[in-house]
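> all I have is the shape, not the residue letters:
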């Protein structure tokens with residue numbers, strides 16, 4: 001397999017909004033790591049609104065951290081990044097320190113296991129971007145839904161559009177889009 005640079009994969013992503021706008025995050029050459037494209041992040045934060053002041057955010061399957069750092073950059077009060085790969089977790093911690101993102105915290109943990117132990121109703125926004133080839137979209141949705149406050153939002157990236165009824169009953173599809181091979185969805189907790 002060719003290294004990331006030879007394949008054309010980005011070696012860094014640039015934050016696109018908030019007080020960390022234009023800051024760069026490194027992207028390691030790791031299997032399954034696929035940073036959310038700029039255009040998709042821009043759409044997501046247009047949907048959410050540019051100001052996330054006071055929001056509590058979970059970025060499960062953090063990878064490059066682009067989604068979680070964007071939330072922190074836009075004023076979220078608390079952003080927790082979960083990443084099971086210790087190399088990626090250390091890189092995220094280094095970026096957190098370098099950018100002085102004090103509202104952001106990184107834990108080296110398995111996202112599904114962590115979410116299963118988390119008390120319900122803890123987050124205003126949960127960001128899910130699991131590796132596409134791992135078949136984790138459905139289990140991640142099921143584990144994340146209870147963590148949302150009533151009216152809370154869940155963002156999911158997947159290799160295919162959600163079919164009707166594919167999400168947990170307490171989540172309603174609010175918006176969706178597609179950029180290349182990435183299907184992205186915004187769901188709202190209705191109970």
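Perfect, thanks for sending it. These figures come from a predicted structure and were not determined experimentally. Residues are numbered from 1 along each chain as shown.
> partners of the strand ranked longest in the chain in the sheet?
As assigned by DSSP state E, the longest strand anywhere in the chain is strand 148-158. According to DSSP bridges, strand 148-158 forms sheet pairs with strand 123-128 (parallel), strand 182-189 (antiparallel).
> can you give me the buried ones in that strand?
For strand 148-158, the neighbour count (16 or more other Cβ atoms under 10 Å) marks 148, 152-158 as buried. Bear in mind the C-beta positions are built from the backbone N, C-alpha and C, glycine included.
> can you say which of the strands paired with strand 148-158 is packed in most?
strand 123-128 (a mean of 24; mean count of other Cβ atoms under 10 Å).
> can you lay out the strands paired with strand 148-158 as TSV showing distance to residue 170 and mean pLDDT?
Compiled in TSV, those are given as follows (distance: least, Cβ to Cβ, whole Å; pLDDT from 0 to 100):
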stretch	distance to residue 170	mean pLDDT
strand 123-128	13	98
strand 182-189	6	95
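> so which of those is nearest residue 144?
strand 123-128 (4.5 Å; Cβ to Cβ).
> before we move on, the earlier item: what pLDDT, on average, does the longest strand of the chain get?
Computed over strand 148-158, the mean pLDDT rounds to 96.
> and the helix or strand just after that strand, what's buried?
Next in sequence after strand 148-158, counting helices and strands by DSSP states H and E, comes strand 171-179. For strand 171-179, burial by neighbour count (16+ other Cβ under 10 Å) applies to residue 171.
> what about strand 171-179, distance to the chain center?
15 Å (Cα atoms, centre = their mean, to the nearest Å).
> tell me the angle that strand makes with strand 148-158.
Relative orientation of strand 171-179 versus strand 148-158 (axes from the mean of the first three to the mean of the last three Cα atoms, to 10 degrees): 30 degrees.
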